[in-house]
Every structure is written in C-alpha cells, then in structure tokens.
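Trainee: generate coordinates for the sequence data below:
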Amino acid sequence: MILFQLAAVYVCTIAVAILFNMPKEQHLFCGLTGIAAWIGYLAALQASSSVVLASFVSALLLTAVSRIFAVWRRTPIIIFLVSGIFPLVPGAGIYYTAYYFIMGDNALALGKGVETIKIAVAIALGIVLMLSLPYSLFRGFRGREKSAR
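Mentor: As a prediction, this is how the structure comes out:
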C-alpha cells in the first residue's frame, strides 16, 4: 500500500512540474521532493496522529530537500518547492468545509475549516522556518564546479 502511495505521489508531483512548465531535467528531482514530503507526513502521522503536526514536519522536510536540490542542481528552490508541496495541500479539507457549509451543517463546516486553516498555517510555518536557516548550512551540497574551456 505504501509503495502505491509513493508511486502516486511521484507521478502526481511530476505532473504538477510538467503542468507548471518546470525544466525537464528537474522533473526527477521534483518527484523526489514530493516523495520526501509524503514520507515525512506518513512518519509524523504515525508518531503523533496529529494531521497538523504531520503537515508541519513534512513541510520542514520538503523545504530542506528542496534547498538541497536547489543548491546541488543550481536551480531556484521554487521549482522543487512548488511541485513538492502538492501532496501536502489540504484540498480535501477545503472541499469538505464548503460541502458542509452548503449542506447547512455549520458545526462540521466550522470544525473542518479550522482544521484546514491550521494545516495551511503549519505548512507555511514549516517552509518559513526552514528557509530562515542560513545558506551556509546547505553549501556543502553544491556539485563540483565545471572547468572553464
């Protein structure tokens, strides 16, 4: 089951990279960022059973992997971050919030809406926290310099 999830995340993350016209040579790494985020999410969910905490931990891991790939591949971090965040976005929470609201179940709509906002804030905080770390921590992942011809 977990392998199916990872394969689905990989394919979907690459599809997002293609949709947003990311460079073709980065598609493999975009898929890997999505897998890293999903593995972090599943591991944190197993350890804490809190969706909000799992989203925060996976956002930290996603941003760390994106920074490493950005330095290593000499590519802007946004390429890896945008495609890799796709599995973490609480789209179902937004859908169910609207659904319960339209169906007139305001209590469920409020509960699902608050949970969705917490997840979104946790993801944003995870990204900001990891991006606030100094560049020098990631400099060691830089590839070899190409010799001048």
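Trainee: so who does the closest residue to A124 other than its chain neighbours touch?
Mentor: Counting by CB to CB, 6 or more residues apart in numbering, A59 is the residue found nearest to A124 once chain neighbours are left out, at 7.7 Å. The way it works is simple: take the backbone N, C-alpha and C, and place the C-beta from them, glycine included. Counting by CB atoms under 8 Å, 6 or more residues apart in numbering, A59 makes contact with 37, 85, 88, 122-127, 130.
Trainee: mean confidence for the helix or strand harbouring V82?
Mentor: Per DSSP states H and E: V82 is located in helix 77-84. The average pLDDT for helix 77-84 rounds to 95.
Trainee: what's it in contact with?
Mentor: 13-14, 16-17, 20, 22-23, 26, 29-31, 33-34, 36-37, 62-63, 65-67, 69-70, 127, 131.
Trainee: show the buried residues in those residues.
Mentor: Taking 16 or more other CB atoms under 10 Å as the criterion, what is buried in the contacts of helix 77-84 is 13-14, 16-17, 22, 26, 29-31, 33-34, 36-37, 62-63, 65-67, 69-70, 127.
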